[in-house]
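Undergrad: mind folding the following:
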Amino acid sequence: MTTEPLVDDRTRRIITRVFRLLEDVIFVGLGMLLAGCAIYLLISAVGNFAEHVYRMNLNGAVVVELIEQLLLILLVVEILYTVQVSFREHTLAPEPFLLIGLIAGVRRVLVITAELAEKRNQSEEMFRFLMIELGVLTLLILALVASVMMLRKRPIQSEASRNG
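TA: Predicted coordinates:
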C-alpha cells in the first residue's frame, strides 16, 4: 500500500521558491537596517571623538568609552556579515556567530574594567560580583577562541563532496 504525498513535486517547488524569496527579502531588509545602524554609530563615534579632541578631554574613561563604541560598531558589522553570508549561501555558518559572541564578551570585559576603575569605593559584594562576572567572561572568551580555532583547522568540504 503506497501513500500519496499531500503536495505534489511541482507545488513543493513553488512553495520552496516563495519561501526562498521571502527569506531573501527579509535578509535584505535586515542588512539595510544593520548597515544604517552601523553608519549612524560610526558617525556618532567620530563626532564624540572629535568633540573630546577639540575640548582636549581625552582621558582613560573617554578612551574606554570610545573603544566600547567601536566594539559595538564592529559587533553590528559582524552581524551584518552573518546576514550577508546567510543571504548568499542560504546556510547558517557557526563561525560568524562565535565571532559575534567573542566581540560581545570583550566589550563587556571592557565595560566592567571601566566600572571597576571609576568606582573604587564600591561595596565588597559588588566587587565580588564583578570579579565573578569577569571570571565567567574570561572562560567564555577562551571557549569561543578555542571554538573558532577548531573551526578554522577543520577541512572545508566542497559542495560536490557533501552531496555525494
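Undergrad: C-alpha only now, for contacts and for neighbours.
TA: OK.
Undergrad: how about the residue nearest in space to the middle of the chain, what does it touch?
TA: For the chain, the residue sitting closest to the mean C-alpha position, by CA atoms, centre = their mean, is I100 at 2.8 Å. I100 makes contacts with L75, E78, I79, as judged by CA atoms under 8 Å, 6 or more residues apart in numbering.
Undergrad: and V7, what pLDDT?
TA: We have a pLDDT of 69 for V7.
Undergrad: before we move on, back to that, now do the buried residues in the helix or strand the residue nearest to the centre of the chain falls within.
TA: According to DSSP states H and E, I100 maps onto helix 94-118. For helix 94-118, a neighbour-count test (16 or more other CA atoms under 10 Å) marks 95-112, 114, 116 as buried.
Undergrad: need the next SSE after that helix, C-terminal direction.
TA: helix 124-153.
Undergrad: average pLDDT for that next one, rounded please.
TA: pLDDT averaged over helix 124-153 gives 91.
Undergrad: in that helix, which of the residues would be classed as buried?
TA: In helix 124-153, counting by 16+ other CA under 10 Å, buried: F127, L130, L134, L137, L140, I141, L144, V145, S147, V148.
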